[in-house]
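Asker: just to be clear, the model below is a prediction. Sequence and coordinates:
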Amino acid sequence: MEIDVDILSTSKLHKRLMNKAVHYLGRYQASRQRLRRVLKQFAIRKLVPSDGDEKSNKPRYSETDIASAIEDIILICTRYGYVDDSALAQARARQSVITGQSAYQLSGKLRQMGIDEDTTKGALSYRNDEHQNAELAAAIRAMRKKRLGPFHSQYDALSREEQSKQFAKLARLGFSMDLIKQILRIETTDEAEELLYQAESKPNFET
């Protein structure tokens with residue numbers, strides 16, 4: 001990623017923070033909140049003398065100056081598309097189906113990343129719009145990944161206790177009871193793969 005550091009003012013504080021943002025965003029895709037935390041931690045380590053460190057050559061920026069500069073950096077990174085919470089959330093939404101994450105899990109991950117509620121709702125809506133049945137597809141992928149249901153080598157011979165354990169494993173992933181019952185009734189891997197193919201296909205909105 002190439003970012004023009006000179007789009008900022010010549011303020012030394014701004015340049016230090018922008019250089020850190022460039023370095024971090026060149027390696028990681030981050031939300032605005034994540035970038036804010038990274039820049040704040042950087043400022044504490046590199047730009048603010050520790051208590052009692054009288055001989056430090058660090059500039060004595062005030063907390064207000066640093067907080068204001070960080071918000072300036074985030075605003076610029078957002079304006080130029082270097083940080084895009086909506087695109088990030090949609091990318092995670094696409095990935096969540098492939099990795100077998102429930103909508104509940106996805107929402108939790110986005111909250112941890114500092115994605116706001118409206119953007120999270122938009123990502124969930126996007127996830128549903130991109131698949132015939134995103135939650136079903138994710139559930140089957142989770143079942144396949146963990147070798148549950150028909151993907152278990154001895155599924156037909158499992159005791160009720162073992163069946164209950166399988167149900168509980170899927171429930172802990174955030175899938176609904178009705179959906180878990182549906183996928184655990186699937187008898188063969190071929191049937192599961194066919195259902196997965198249908199669920200993952202893009203909806204046809206033509207009438």
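Answerer: Happy to help now that I have it. Numbering: from 1, shown residues only.
Asker: okay, CA-based contacts and neighbour counts for the rest of this
Answerer: Fine.
Asker: who touches stretch 114-132?
Answerer: 31-34, 85-86, 89-90, 93-94, 103, 107, 110-111, 134-135, 198-203 (CA atoms under 8 Å, 6 or more residues apart in numbering).
Asker: local confidence estimate at Asp65?
Answerer: Asp65 carries a pLDDT score of 87 in this model.
Asker: thinking again about what came up before, quick check on the contacts of stretch 114-132: which are buried?
Answerer: Burial by neighbour count, 16 or more other CA atoms under 10 Å: within the contacts of stretch 114-132 this picks out 31-33, 85-86, 89-90, 93-94, 103, 107, 110, 134-135, 198-200.
Asker: re the thing from before, from the contacts of stretch 114-132, which land in helices?
Answerer: Taking DSSP state H as the definition of helices, those contribute 32-34, 85-86, 89-90, 93-94, 103, 107, 110-111, 134-135, 198-200.
Asker: buried set for stretch 65-84?
Answerer: Buried residues in stretch 65-84 (16+ other CA under 10 Å): 66, 69-70, 72-74, 76-77, 82-84.
Asker: out of those residues, which are inside helices?
Answerer: Per DSSP H, the subset of the buried residues of stretch 65-84 in helices is 66, 69-70, 72-74, 76-77.
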